[in-house]
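Asker: What would the 3D arrangement of this be:
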Amino acid sequence: MMMGDPLSRIRFYPLHVMLVAELIENGELVGVIRGCIKNVGTHSGSILKMGCILGLRVSPNFRRKGVGQKLMSSVEEWMVKNGAEYTLLATEKKNEASRNLFTIKCNYSHLSSLLIFVHPTTNTFLPKHFSIRHIKIEKLIIEEASSLYGKIYLKPKDLFPKDMDAILKEKLNLGTWVCYYKDEANYDHHNPNPNPLGFLHTTLNHARDKIFPCLRMLVSNGSNSSLSRPFGFLFMYGFHGEGDNLGELMECIWRFTSRLGESMKGCKVIITELGLGDPLVSHVPKNSASMSYIEDLWYIKRLSGHGDLKDEVGNVFVDPRDF
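Answerer: Numbers count the residues shown, from 1 in each chain. Here you go, the predicted structure:
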């Protein structure tokens, strides 16, 4: 029902749970749901205790029989007992069955629309004339990255995790890089044009359902037949940029990340996810038939209290632990 490690998406959080649904008569496993609780910040300055549902699966033979709704209700009860004010989940826009379950039967509301971009590491998608000789890419130490996120980069976000230090110090995080023009003589680490990236998953497990539609297209095009087997990927997150030439800097960081992925055994694709309201979404390189995307939807439900999230948001920070 779930590939790889079933706890892979929730083990990063101290407070997490996995619930299963079994048939009483024979103990057959027919459904599973995973959830966690974390603190998130908002653009208004509030801190919310957010429950996150990270994977609902029901056996095909038992769908539309109330199993999914029962699992949703059970994990929400666990979240309320542990003090969560809201619960958040995501699904693909084209998944009508899941959207109906969440919005009609479970009373969730649309919070944000996002795009998941996928590109193979082995395909050079940038123009041949593109040159990075006038651009410098520099890796930051964790303390520098943490300071920049806290003081600058998270402020424009409508929703973001409050434990950035834990994300940056996680052993799967490869690092934070800034990308800027070499002739910027006054450049310093307190006001750069950064493009952090990270989180290498050695096998494709929890993300397979999300990115498989794109990968199926890539396989059918013959770009990489090995994508039909489990593989690793690099997930870029925490984008921030300023200035007039963001498009060129974004192309540079995509090429850099692609080469980084090529150097790692088993890494086949580069993935990132950005909200439609993120100003950088329009600068993602799209000049290749190998670049594909999925429309992702976030839904939210208030569990207790009055809360701070009343409207839809567009510029959100995608937590790499949730992907």
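
Asker: and the longest strand anywhere in the chain, what's its mean pLDDT?
Answerer: Identified as the longest strand of the chain according to DSSP state E is strand 29-42. Strand 29-42 shows a mean pLDDT of 95.

Asker: helices or strands up against it?
Answerer: strand 16-22, strand 47-58, helix 67-81, strand 159-161 (3 or more C-beta pairs under 8 Å, 6 or more residues apart in numbering; DSSP states H and E). (Each C-beta comes from the backbone N, C-alpha and C, glycine too.)

Asker: buried stuff in it?
Answerer: Across strand 29-42, burial judged by 16 or more other C-beta atoms under 10 Å covers 30-38, 40-42.

Asker: List just the nearest of these to G243.
Answerer: G41 (25.6 Å; C-beta to C-beta).

Asker: okay but the closest one is in contact with Y149, surely?
Answerer: No: if you go by C-beta atoms under 8 Å, G41 and Y149 don't touch, sitting 11.1 Å apart.

Asker: Throw the helices and strands packed on strand 29-42 into TSV and include mean pLDDT, thanks.
Answerer: Shown next, in TSV, are the helices and strands packed on strand 29-42 (pLDDT from 0 to 100):
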stretch	mean pLDDT
strand 16-22	95
strand 47-58	94
helix 67-81	97
strand 159-161	95
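
Asker: Which of the ones you listed sits closest to E92?
Answerer: The nearest among the helices and strands packed on strand 29-42, by C-beta to C-beta, is strand 47-58 at 12.9 Å.

Asker: Pull out the buried residues from that closest one.
Answerer: Applying 16+ other C-beta under 10 Å to strand 47-58 flags 48-58 as buried.

Asker: Need these in CSV (columns: distance to K139).
Answerer: Listed next are these as CSV, based on distance: C-beta to C-beta, whole Å:
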residue, distance to K139
L48, 32
K49, 34
M50, 31
G51, 34
C52, 30
I53, 34
L54, 29
G55, 32
L56, 37
R57, 38
V58, 43
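
Asker: Please identify which pair of these lies farthest apart.
Answerer: L48 and V58 (28.6 Å).

Asker: how about the residue lying closest to G175 once chain neighbours are set aside, phi and psi?
Answerer: Excluding the flanking residues, the one nearest G175 by C-beta to C-beta, 6 or more residues apart in numbering is K139, at 5.3 Å. K139 has phi and psi values of phi -90, psi 140 when expressed as degrees, to the nearest 10.

Asker: and K139, how many residues sit next to it?
Answerer: By the measure other C-beta atoms under 10 Å, the count of residues near K139 is 11.

Asker: for it, what are its contacts?
Answerer: Applying C-beta atoms under 8 Å, 6 or more residues apart in numbering, we find K139 in contact with 175-177.

Asker: who wins for most neighbours among those residues?
Answerer: Ranked by the number of neighbours (other C-beta under 10 Å), those place T176 first, at 24 neighbours.

Asker: M164 is in contact with that one, correct?
Answerer: No: judged on C-beta under 8 Å, T176 makes no contact with M164 at a distance of 10.3 Å.

Asker: shared neighbours, those two?
Answerer: By C-beta under 8 Å, 6+ apart, no residue touches both T176 and M164.

Asker: and L15, what does it touch?
Answerer: 36-38, 82.

Asker: should've said H16
Answerer: By C-beta under 8 Å, 6+ apart, the neighbours of H16 are 7, 10, 34-37.

Asker: again with E262
Answerer: 121-122.

Asker: Which positions within stretch 113-124 qualify as buried?
Answerer: 113-121, 123.
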